[in-house]
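> what shape does this take:
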Amino acid sequence: MSEATPDHFRLSVPARPQSLDLVHPAIEQLWSAHPEVGELERLRFETAVIEIFANVVEHAFRNDPEDPDGDGRRLDLVLAVTGAQVEATFTDNGQPAELDLSVVTLPDADSESGRGLAMAIAALDDLSYEHEGGRNRWRLLVRLAAA
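The predicted structure follows:
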């Protein structure tokens, strides 16, 4: 399900890798509605959104004893341009993340995974995570360059 207004785009999708195919068009709609967002900000934002989406799908539902088949796994995404920033908010009903964003670094060059979160942090002006009321909430923020 998706919902759109000029200022925000909302998706509610199954938390499966295939749902990523719905994220790209939503981001494109956001850019169409907001041509003032520069190319660098777009690249930074889109990179981080895709990386966090992939992490949520992979990690929030790994070894979920309450939903082993994944039928009840949902991910909601709101994309918005508000004032001088571009923002994404992910919420999901997966397992809480046990992480400290302040200590996330890129893994060794030989590592086969583990770069997504570090790349998102590097691309964003702010990334926050909280688990409250049985839901995970990720907030991603890129500040727009002054015109």
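> give me the next element, helix or strand, following the lowest-mean-pLDDT helix or strand in the chain.
Using mean pLDDT, DSSP states H and E, the weakest-scoring helix or strand in the chain turns out to be strand 2-4, at a mean of 60. Following strand 2-4 in sequence order, the next helix or strand is strand 8-14 (DSSP states H and E).
> any idea of the mean pLDDT for that following strand?
What strand 8-14 shows for mean pLDDT is 90.
> kindly report the same for stretch 36-54.
Taken as a whole, stretch 36-54 carries a mean pLDDT of 95.
> CA atoms only for it - export them in PDB, please.
This file holds the C-alpha atoms of stretch 36-54, laid out as PDB (Å, rounded to 0.1, in the frame of the first residue of the first chain):
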ATOM      1  CA  GLU A  36      15.000  21.700  -5.500                       C
ATOM      2  CA  VAL A  37      16.800  18.800  -3.800                       C
ATOM      3  CA  GLY A  38      20.300  18.600  -5.300                       C
ATOM      4  CA  GLU A  39      22.000  15.600  -6.900                       C
ATOM      5  CA  LEU A  40      24.400  15.100  -4.000                       C
ATOM      6  CA  GLU A  41      21.700  15.200  -1.400                       C
ATOM      7  CA  ARG A  42      19.600  12.700  -3.500                       C
ATOM      8  CA  LEU A  43      22.500  10.300  -3.800                       C
ATOM      9  CA  ARG A  44      23.300  10.400  -0.100                       C
ATOM     10  CA  PHE A  45      19.700  10.000   0.900                       C
ATOM     11  CA  GLU A  46      18.900   7.200  -1.600                       C
ATOM     12  CA  THR A  47      22.000   5.300  -0.700                       C
ATOM     13  CA  ALA A  48      21.100   5.400   3.000                       C
ATOM     14  CA  VAL A  49      17.500   4.500   2.500                       C
ATOM     15  CA  ILE A  50      18.400   1.400   0.500                       C
ATOM     16  CA  GLU A  51      21.000   0.300   3.000                       C
ATOM     17  CA  ILE A  52      18.700   0.700   6.000                       C
ATOM     18  CA  PHE A  53      15.800  -1.000   4.200                       C
ATOM     19  CA  ALA A  54      18.100  -4.000   3.400                       C
END
